[in-house]
Each structure stands twice: as structure tokens, then as C-alpha cells.
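S.K.: pasting the sequence and the predicted coordinates here, then a few questions.
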Amino acid sequence: MEGDKEDEWFDFKIAFLDNDLIKVTDMFIGKDKHRKKGIPEALILETKRLYGQKKIISSSNIHKLITNEWRRSEATKVWERLVSKSLAKYNQSLDTFELL
């Protein structure tokens, strides 16, 4: 963003896989000051608000739909917080989280 230093950013990307499916592909911070602010959860929920009719899922370390797909432990923690609030569920066989 204009005026920000190079390392002051938060990266969030989604992929439209078909007419009914969106996958969250990237959630990265540029600086620790962006941690513990609820940014990724808010962006996932905003994606649901914008595309409510679509299924929104996390990346997986087992069932890969995108080349070089993987989910870091920090991203798993984000999704687990959504599960604890009954806003998402976990599919163990696919190793994906789905926003409810």
C-alpha cells in the first residue's frame, strides 16, 4: 500500500476452482505486528460474504487440487479457530477445512 514499508503487508489469495468452489491459497504476513489481529479470519469471512453461494475451503497437505499446494501450521491454526467458533468444519479424509 502507498506509504507502507516493503515488509508491512498481509497477503491473502483465493482461487476459483469451478462455479461452486473457492480455495484459500495464500495467507502470509510481512511483519509480526500483523499477527494476532484476526486478519486472516476476517478475510476468509469476507470472502464468504462476497461469494456466499460458493463453498470455501482451505489448502490441503493430502488432497491437492492446485500445483504445489500445501498448508502451513499457522494457517491450520487460523482454520482451527474458525472451527472452534462453529464457523468451519474439518474434513479429515481430504485434510481440508470448509467454511460453514
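M.R.: Done, it's in.
S.K.: what's in contact with the host helix or strand of residue 49?
M.R.: Per DSSP states H and E, residue 49 falls inside helix 39-50. Helix 39-50 is touched from outside by 10, 12, 14, 22, 24, 27, 29, 56, 75, 78, 81-82, 87, 99, with contacts defined as C-beta atoms under 8 Å, 6 or more residues apart in numbering. From N, CA and C alone the C-beta is placed, and that goes for glycine too.
S.K.: just the buried ones out of these, please.
M.R.: 12, 14, 22, 24, 27, 29, 56, 75, 78, 82, 87, 99 (16 or more other C-beta atoms under 10 Å).
S.K.: could I get those as a markdown table with secondary structure?
M.R.: Below are the buried ones among the contacts of helix 39-50 laid out as a markdown table (DSSP: H, G, I helix; E, B strand; the rest coil):
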| residue | secondary structure |
| --- | --- |
| 12 | strand |
| 14 | strand |
| 22 | strand |
| 24 | strand |
| 27 | strand |
| 29 | strand |
| 56 | strand |
| 75 | helix |
| 78 | helix |
| 82 | helix |
| 87 | coil |
| 99 | strand |
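S.K.: mind putting the residues you listed in CSV, pLDDT included?
M.R.: Formatted as CSV, the buried ones among the contacts of helix 39-50 follow (pLDDT from 0 to 100):
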residue, pLDDT
12, 88
14, 94
22, 96
24, 94
27, 84
29, 70
56, 97
75, 91
78, 92
82, 97
87, 98
99, 96
